[in-house]
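Visitor: Give me a 3D structure for the following:
(one chain, ligands or ions: 3)
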Amino acid sequence: MGPKKLKTFISFFLCFCIGIFHKSEAELQVGFYQYSCGLAEFIVKQEVSKAFSKDFGVAAGLVRMHFHDCFARGCDGSVLLDSTPSNTAEKDAPTNNPSLRGFEVIDNAKARIESVCKGVVSCADILAFAARDSVEITGGLGYDVPAGRRDGRVSLQSEALANLPPPTFNVTQLTRAFANKGLNQEEMVTLSGAHTLGRSHCTSITDRLYNFSTTSKQDPNLDPIYAAQLKQQCPRSPNPNLVVPMDPPSPSLSDGSYYRGVLSKRGLFTSDQTLLTSPQTLAQVIQNAQNEFIWKMKFADAMVKMGKIGVLSGKNGEIRANCRRINS
Ligand code: HEM
Ligand SMILES: *[C@@H]1O[C@H](CO)[C@@H](O)[C@H](O)[C@H]1NC(C)=O
Ligand SMILES: *[C@@H]1O[C@H](CO)[C@@H](O)[C@H](O)[C@H]1NC(C)=O
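Guide: Residues are numbered from 1 along each chain as shown. Ligands and ions are numbered 1, 2, ... in the order given. Down below sits the predicted model:
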């Protein structure tokens, strides 16, 4: 091989290596901890199931927590960080505090994992696994979670406020908020099906019940019989602790009844009911209501895609020792 050929060969070889290296840095992998901490996913599953047996609501909490992590600064565990004297963290934004729940499940899983493999498994991955286990334990489809996320060192209340859609959003605003995160409209409709689980605080719906618009005190898009029931559970000046189920027929089952509720004007939020107002999203709602299995498959795929938003990998970020604090 002459010097020129050798040079070409070396540069080809370099490009190839950089290509591979780059790929392994940027992409998450199923079974990422297979050799470094083979018990990690199992421990998370055990902790989720232990917590779920005491309180079904933790499953809803963990699915929502993963969403809130991913939409504010990517799925980097930023939602898990506590505020400090000099910083108000995501978890203390009004959209998260006091409603977000399940933090202790992550803490318990992290403590057990640290005791068997110290400094290996990120909090962001633990949350992604826990969300998957929560979907599965409530009757959704299990799915493989590509892992290898690393934990961020920044968590800002302002970013939770700016990135998480409020329950007052209409279909145009929702579609834009999800598009900003690389998720299309169909995925937005699919992921909204998470509202088949859990509860809402009354404070999120009082405007729909009592103070909707200048022309109508009660939202005309809400079934009046359902509205009357909700008003009994959520009086006009609500105690901020009062809650109502998101999908009353089956609050701890991942099923299609959320979409059937929306079709019968029983979506709890404007952001649920608005899915009937565009022909494309209406068609999705109908399909999901009719074929629960299709929705479950699409939901699993959409969760995997959501779980890749803005992740840190390779040498970026860190593996936190405690999910509530950055490493010092
Ligand atoms: C489409 C835009 C969305 C809006 C506007 C929205 C808004 C909300 C609001 C206001 C609550 C009630 C919180 C409370 O007061 O306790 C809630 C609960 C919930 N959300 Fe969403 N959400 C959206 C999308 C999602 C997505 C994509 C997921 C997950 C994939 C999700 C999962 C949940 C779950 C599981 C609950 C129940 C939480 C619990 O019981 O602790 N939401 N959402
Ligand atoms: C959605 O809300 C935005 C902002 O309030 C408004 O400009 C838009 O017209 C609304 N779109 C629909 C379809 O109602
Ligand atoms: C009713 O809604 C208006 C407009 O959104 C708001 O300014 C007002 O404070 C609300 N009133 C109550 C009692 O919540």
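
Visitor: hey, C-alpha coordinates of stretch 81-101 in PDB?
Guide: In PDB, the C-alpha atoms belonging to stretch 81-101 read as follows (Å, rounded to 0.1, in the frame of the first residue of the first chain):
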ATOM      1  CA  LEU A  81     -34.300  16.800  41.600                       C
ATOM      2  CA  ASP A  82     -35.400  18.600  44.800                       C
ATOM      3  CA  SER A  83     -35.300  22.400  45.000                       C
ATOM      4  CA  THR A  84     -32.400  24.000  46.700                       C
ATOM      5  CA  PRO A  85     -32.100  27.300  48.600                       C
ATOM      6  CA  SER A  86     -30.900  28.900  45.300                       C
ATOM      7  CA  ASN A  87     -33.100  27.100  42.800                       C
ATOM      8  CA  THR A  88     -36.700  26.200  42.400                       C
ATOM      9  CA  ALA A  89     -36.800  22.900  40.600                       C
ATOM     10  CA  GLU A  90     -39.300  21.400  38.100                       C
ATOM     11  CA  LYS A  91     -41.000  19.400  40.700                       C
ATOM     12  CA  ASP A  92     -42.100  22.600  42.500                       C
ATOM     13  CA  ALA A  93     -43.700  24.100  39.500                       C
ATOM     14  CA  PRO A  94     -47.500  24.400  40.000                       C
ATOM     15  CA  THR A  95     -48.100  21.700  37.300                       C
ATOM     16  CA  ASN A  96     -46.100  19.300  39.400                       C
ATOM     17  CA  ASN A  97     -46.600  20.300  43.000                       C
ATOM     18  CA  PRO A  98     -48.600  19.000  44.800                       C
ATOM     19  CA  SER A  99     -50.000  16.700  42.100                       C
ATOM     20  CA  LEU A 100     -47.000  14.600  41.000                       C
ATOM     21  CA  ARG A 101     -46.600  11.400  42.900                       C
END
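
Visitor: Domain boundaries for the chain, per the record?
Guide: Domain segmentation of the chain under automatic domain parsing yields 40-163, 171-306.

Visitor: could I get the ones you listed as TSV with mean pLDDT and distance to ligand 1?
Guide: For glycine as for every other residue, the C-beta is placed from the backbone atoms N, C-alpha and C. Formatted as TSV, the domains of the chain follow (pLDDT from 0 to 100; distance: least, Cβ to the nearest ligand atom, whole Å):
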stretch	mean pLDDT	distance to ligand 1
domain 40-163	98	3
domain 171-306	97	2
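
Visitor: With distance to L312 and mean neighbour count as added columns, please give those domains in a markdown table.
Guide: Converted to a markdown table, the domains of the chain look like this (distance: least, Cβ to Cβ, whole Å; neighbours: other Cβ atoms under 10 Å):
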| stretch | distance to L312 | mean neighbour count |
| --- | --- | --- |
| domain 40-163 | 4 | 21 |
| domain 171-306 | 16 | 18 |
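
Visitor: Ligand 2 contacts on the stretch 101-250 of the chain?
Guide: Contact residues (Cβ under 6 Å from any ligand atom) of the stretch 101-250 of the chain with ligand 2: 170-173.
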